[in-house]
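Q: next one to model:
(chains A and B)
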Amino acid sequence: DAGVTQSPTHLIKTRGQQVTLRCSPKSGHDTVSWYQQALGQGPQFIFQYYEEEERQRGNFPDRFSGHQFPNYSSELNVNALLLGDSALYLCASTTRDRRFTNEKLFFGSGTQLSVL
Amino acid sequence: EDKVVQSPLSLVVHEGDTVTLNCSYEVTNFRSLLWYKQEKKAPTFLFMLTSSGIEKKSGRLSSILDKKELSSILNITATQTGDSAIYLCAVNDYKLSFGAGTTVTVRA
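A: Now for the predicted structure:
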């Protein structure tokens, strides 16, 4: 049983560019959340998708947007990249009945984004 | 804004030692507190705590919540080198707010 898979594993971009990160949830999961983890910090919540809609959002600017597809996979898009966007981007999935408790949240191994 | 503070930031112990990690929080709508272990990249779930004073145990790991003091501790007894990781505390108020983590290094 595949867990949460993310692609790519590493990415290098330059300031001002746009990036798309991808996530496939664990089998049987339908709710996907995205987190940003800067070096030496804990993950910060970006947003959560359920039933193809953004349900909750953290304190991130509109440059950060997302999408969820009918097969529950998700994309995170970041426009006009800044140096400060360099971080590990983690995707996490769960089932609809746990989308508020966040119990048994399964994380992927992340995409390491470097902005030069 | 929700705030989660972990201490210490890092510690180094020898195999067989016991470690105690601390987590304190200030959140608007507390629902639960969760502990994760992060080795390399993907955090893995350890415990979820909702009630004060009830200890949760899993092997050599245990954790307890004190809602009066707005804090939690995670204990690891008889540490092994495989316990070396970043331990993250998170508070759930419908979304997870994480602390910065405690880096534990266990030396053989």
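Q: enumerate the residues of chain A near chain B.
A: Taking CB under 8 Å from any CB of the partner chain as the measure of proximity, chain A contacts chain B at A:4, A:33, A:35, A:40-45, A:48, A:56, A:58-59, A:88, A:90, A:100-110. Yep, even glycine has a C-beta here, placed from its N, CA and C like the rest.
Q: for residue 18, grab the count of nearby residues.
A: All of this is about chain A. A total of 11 residues lie near A:Q18 under the criterion other CB atoms under 10 Å in any protein chain shown.
Q: oops, I was thinking of chain B
A: If you count neighbours by other CB under 10 Å, B:T18 ends up with 11.
Q: follow-up on the earlier one: which of the residues of chain A next to chain B fall in strands?
A: A:33, A:35, A:44-45, A:48, A:56, A:88, A:90, A:106-107 (DSSP state E).
Q: most neighbours of all the residues you listed, which one?
A: Using other CB under 10 Å as the neighbour test, those are led by A:S33, with 29 neighbours.
Q: residue contacts, that one?
A: Residues in contact with A:S33 (CB atoms under 8 Å, 6 or more residues apart in numbering or on different chains) are A:45-49, A:91-94, A:105, B:95.
Q: between the residues you listed, which is closest to A:Q17?
A: Compare each of the contacts of A:S33 with A:Q17 using CB to CB and the shortest gap goes to A:I46, at 18.5 Å.
Q: which parts of chain B sit against chain A?
A: With CB under 8 Å from any CB as the criterion, chain B comes near chain A at residues B:1, B:4, B:6, B:31-32, B:34, B:36, B:40-45, B:48, B:88, B:90, B:92, B:94-101.
Q: of these, buried ones?
A: When burial is judged by neighbour count using 16 or more other CB atoms under 10 Å in any protein chain shown, the buried members of the residues of chain B next to chain A are B:4, B:6, B:32, B:34, B:36, B:41-43, B:45, B:48, B:88, B:90, B:92, B:95-101.
Q: which residue is the nearest non-sequential neighbour of A:Y89?
A: For A:Y89, the nearest residue in space outside its immediate sequence neighbours is A:T111; the separation is 4.8 Å by CB to CB, 6 or more residues apart in numbering or on different chains.
Q: would you confirm that the one you found contacts A:T5?
A: No: look at A:T111 against A:T5 with CB atoms under 8 Å: they stay out of range, at 10.8 Å.
Q: when the two are compared, which one has more neighbours?
A: More neighbours sit around A:T111 than around the other of A:T111 and A:T5, counting by other CB under 10 Å; the figures are 22 against 14.
Q: quick one: contacts for that one?
A: The neighbourhood of A:T111, defined by CB under 8 Å, 6+ apart, consists of A:6-11, A:21, A:88-89.
Q: out of the residues you listed, which end up buried?
A: The neighbour count (16+ other CB under 10 Å) marks A:6, A:21, A:88-89 as buried among the contacts of A:T111.
Q: could you report the neighbour count for the residue in chain A positioned nearest to chain B?
A: Nearest residue of chain A to chain B (CB to the nearest CB) works out as A:G42 at 3.2 Å. Here the count is done by other CB under 10 Å, and A:G42 has 22 residues near it.
Q: which residue comes closest to it once chain neighbours are left out?
A: For A:G42, ignoring the flanking residues on the chain, the nearest one in space by CB to CB, 6+ apart is B:F98 at 3.2 Å.
Q: what distance do you get for the one you found to A:Q18?
A: Between B:F98 and A:Q18 the distance is 27 Å, computed by CB to CB, to the nearest Å.
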